[in-house]
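>>> Could you look at this predicted model? Sequence included:
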Amino acid sequence: MSTSATTLDKDAPVITVEQGIQAAGVGRFQYRLFVIFGLVWAADAMQVLSIGFSAPSIARTFGVPIPQALQTGTFFFSGMLVGAFVFGRLADRIGRRPVLMMAVIIDACCGVASAFSPDLAWLLALRFLTGIGVGGTLPVDYTMMAEFLPSERRGRWLVMLESFWAIGTIFLAVLALVAVRWGDDAWRVIFFVTGIPALVGVVLRFYVPESPLYLARSGQAEQARAVLERVARANGRTVEIPPLQAETPMHRSVFSLFSSGLRRRSISLFIAWGLISIAYYGVFVYLPVKLGAEGFGFMRGQVFLIILALVQLPGFALSAYGVERWGRKPTLVGFLLLSAVGCMGYSLGSAPAMVIGSTLLMSFALLGTWGALYAFTPEVYPTGLRASGMGVAGAVARFGGLFAPAIIAPVMATHFTLSLAMLSGFLVAGAIAILCVDMESRNRALD
């Protein structure tokens, strides 16, 4: 890598953290961070999506019906809800790095230990704890990634970090195809292997320093400056970071998310997260079950899952382009409306081409939506509430996943077209909620 020199205005007594990040540049340090966070994000995708593939063999192992085996998913999502809220709040109180390590250690250790559960009670407990770890990685990973990037690069990088979800999906589909060779122990193989990337992530995350933005906002300006100089050296830049602006440490209550300056922003965003989550699980969990019973069983297979994941990649790419070219809100609204159109496509007929085409469009558009949403949310909160905002958003999304069966499944079983209209309505309402957010964060320095 070539070494470049950067000069700063030596007459300036102090600089902002944003100026320091600009001076440190984007290079090898951020690429390493991207891979470290992406590896665990792919593992998290595998953990989440493994529920459906593992339930049949869990049922056979412990002699229980499949609905009871699917409780592993309920416990897992409940853990994610708790983890997102608790670890997001902790990251704003004690720092990103210690919480980052705690979350991934719980994720990895409990995820692997799940494979050795002696009975269903142990398995449910360990899946709940694994969910706590997985839920905890969500707010901290995206918060930290955002705080190491300059404003003009941030949106694109955060969207592409979300694309590791598709990579994890592909690996899980291949793993599920291989795991069937172990018969009733297939679930043990799936849980063991899906925990390995998180174990690797534990080791790699020792490399990650504390966020300079968090340090500066916590009254540790000199430590923040040292981190920025480390980033600059890793990126091959010969630059001395001037002193940073000193700031008085200020801890803010989680209720500050609903203070007068943030109330509209938080309520609008959290509504959008909840609605999008319900629609996502309705489309990718309950819709395949309904269509599978009508002759489209291939939609629940591993090969079709790989195809869906491959279609998600250009969705993430367009989203990454859009958030920088058009802005976060226009990109989100566009993908949400496209998702709503794709959802209603199922009502136009039951021809295989129509069903497959609508499913591919939904995979492209809904995952593009998630990419832009993960980029947008951490940017709209100040540093003292950024991880808390992401944590509450993640908890709301888990609520959506837990309530989706009660909201969508009964209607889909009896009134298919009405259920599609409901899902499309949720997506349109999500677009309206995004429009109600009182700021656009493109090219905006973090507070």
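Looks like it arrived, so ask away. Numbering: from 1, shown residues only.
>>> where do the strands sit along the stretch 201-350 of the chain?
Counting by DSSP state E, counting those that start in this stretch, one finds strands in the stretch 201-350 of the chain at the ranges 237-238.
>>> so where's it uncertain?
Residues of the stretch 201-350 of the chain that meet the criterion pLDDT under 70 lie in 248-250, 289, 292-293, 295, 297-301.
>>> For it, just list every one of the helices.
With DSSP state H, counting those that start in this stretch, the ranges of helices along the stretch 201-350 of the chain come out as 212-217, 221-234, 263-281, 287-292, 302-325, 328-344.
>>> quick one, what contacts the spatially closest residue to residue 328 that is not a sequence neighbour?
Leaving aside its sequence neighbours, residue 328 sits nearest to residue 376 (CB to CB, 6 or more residues apart in numbering; 4.1 Å). Quick note: C-beta positions are derived from backbone N, CA and C, even for glycine. Residue 376 makes contact with 155, 269, 323, 328, 329, 332, 441, according to CB atoms under 8 Å, 6 or more residues apart in numbering.
>>> ditto for residue 29
148, 230, 231, 234, 235.
>>> which SSE is it in?
Assigned by DSSP states H and E, residue 29 falls within helix 28-62.
>>> average pLDDT across that helix?
Taken as a whole, helix 28-62 has a mean pLDDT of 89.
>>> give me phi/psi at residue 163?
Backbone torsions of residue 163, given as degrees, to the nearest 10, read phi -70, psi -20.
>>> same question but for residue 124, I mixed them up
Backbone torsions of residue 124, given as degrees, to the nearest 10, read phi -60, psi -40.
>>> Spell out the secondary structure type for the closest residue to it other than its chain neighbours.
Of all residues not flanking residue 124 in the chain, residue 75 sits nearest, at 4.8 Å (CB to CB, 6+ apart). Of the three states, residue 75 takes helix under DSSP: H, G, I helix; E, B strand; the rest coil.
>>> what's the pLDDT at residue 75?
Residue 75 is given a pLDDT of 93.
>>> Next up, the contacts around it.
Residue 75 touches 124, 125, 127, 128, 131, counting by CB under 8 Å, 6+ apart.
>>> could the residues you listed be laid out in a markdown table, adding distance to residue 357?
Output for those, formatted as a markdown table (distance: CB to CB, whole Å):
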| residue | distance to residue 357 |
| --- | --- |
| 124 | 39 |
| 125 | 42 |
| 127 | 35 |
| 128 | 38 |
| 131 | 34 |
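>>> Compute the inter-axis angle for the helix holding residue 29 and helix 221-234.
Inter-element angle recorded for helix 28-62 and helix 221-234: 90 degrees (by axes from the mean of the first three to the mean of the last three CA atoms, to 10 degrees).
>>> if we can go back for a sec, and the contacts of residue 376, which is closest to residue 404?
Distances from residue 404 to the contacts of residue 376, taken as CB to CB, are shortest for residue 269 (19.3 Å).
>>> Figure out the helix or strand that the most centrally placed residue in the chain lives in.
Among the residues of the chain, the one closest to the centroid is residue 138, at 5.4 Å (CA atoms, centre = their mean). Assigned by DSSP H and E, residue 138 belongs to helix 120-147.
>>> now that helix, how far from the chain's geometric center?
The chain centroid and the centroid of helix 120-147 are separated by 11 Å under CA atoms, centre = their mean, to the nearest Å.
>>> List the buried residues for that helix?
Across helix 120-147, burial judged by 16 or more other CB atoms under 10 Å covers 120, 123-147.
>>> My guess is the residue nearest to the centre of the chain contacts residue 390. True?
Yes: here residue 138 lies in contact with residue 390, judged by CB atoms under 8 Å, at a distance of 6.7 Å.
>>> anything in contact with each of these two?
With CB under 8 Å, 6+ apart as the test, residue 138 and residue 390 both reach 84, 88.
>>> picking that back up, ok and the helix holding residue 138 relative to helix 28-62, angle-wise?
170 degrees.
>>> ok, so what distance separates residue 329 from residue 401?
Using CB to CB, to the nearest Å, residue 329 is found at 24 Å from residue 401.
>>> same deal with residue 420?
Distance from residue 420 to residue 401, by CB to CB: 19 Å.
>>> Now residue 316: closest residue in space that isn't a chain neighbour?
Nearest non-adjacent residue to residue 316 (CB to CB, 6+ apart): residue 163, at 4.0 Å.
>>> count of residues packed around the residue nearest to residue 21 when sequence neighbours are not counted?
Closest residue to residue 21 apart from its sequence neighbours, by CB to CB, 6+ apart: residue 150 at 5.2 Å. Neighbour count for residue 150, taken as other CB atoms under 10 Å: 20.
>>> among the contacts of residue 29, who's most crowded?
Busiest of the contacts of residue 29 [other CB under 10 Å] is residue 231, holding 25 neighbours.
>>> which residues touch residue 114?
Residue 114 neighbours (CB under 8 Å, 6+ apart): 123, 126, 127, 130, 191, 195.
>>> Distance check, residue 185 against residue 304.
With CB to CB as the criterion, residue 185 and residue 304 are 25 Å apart.
>>> do the same with residue 215
Counting by CB to CB, the gap from residue 215 to residue 304 is 46 Å.
>>> Just want to know which of these two has more residues nearby.
residue 215 (27 against 18).
>>> number of nearby residues for the nearest residue to that one once chain neighbours are set aside?
Distances taken as CB to CB, 6+ apart place residue 224 nearest to residue 215, at 3.8 Å, with adjacent residues excluded. Residues lying near residue 224 (other CB under 10 Å) number 26.
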